[in-house]
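Visitor: Have a look at this prediction, sequence included:
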Amino acid sequence: MDTAYPREDPRAPTPRKADGAHTAVALGAPGPPPRDHLIWSLFSSLYLNLCCLGFLALAYSVKARDQKVAGDLAEARRLASKAKCYNILATMWALVPPLLLLALVVTGALHLSRLAKDSAAFFSTKFDDSDYD
């Protein structure tokens, strides 16, 4: 029993070429497979999951990987691009607020230290007894 795959129909007509005719098939260089950003999405969903953006990135990464395995590279690139955008948003939402808070604390501490230095000079003024008469 012949189990070869793919099976060809022996009755199918074979195409005939005219004399002197050549067939050229231009094969483009295969591009690199699209990146699915699965590891980044996993970390975004575990550690930086503000507003569920990391979970959305993870879902699109898994879909992109499925499409890549299925052979639909155009759809895999589109889904991977969405996953990358959601990963960037999740990272920005997780990193920018703490950095802003740190900047506010530092500037507040500097302002308070300047106020404390000025007020310490006011309260350390020595008065003579003759000033109270």
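Guide: Arrived safely, thanks for sending. Numbering: from 1, shown residues only.
Visitor: can you give me the helices for this protein?
Guide: Secondary structure of the chain (DSSP state H): helices at 38-47, 53-70, 73-123.
Visitor: any chance of those in TSV, plus mean pLDDT, mean neighbour count and distance to Pro32?
Guide: To be clear about C-beta, it is placed using only N, CA and C from the backbone, and glycine gets the same treatment. Output for the helices of the chain, formatted as TSV (pLDDT from 0 to 100; neighbours: other Cβ atoms under 10 Å; distance: least, Cβ to Cβ, whole Å):
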stretch	mean pLDDT	mean neighbour count	distance to Pro32
helix 38-47	91	18	16
helix 53-70	94	20	11
helix 73-123	89	14	10
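Visitor: Of these, which is nearest Gly31?
Guide: helix 73-123 (7.7 Å; Cβ to Cβ).
Visitor: Now do that closest one and helix 53-70, the angle between them.
Guide: 160 degrees (axes from the mean of the first three to the mean of the last three Cα atoms, to 10 degrees).
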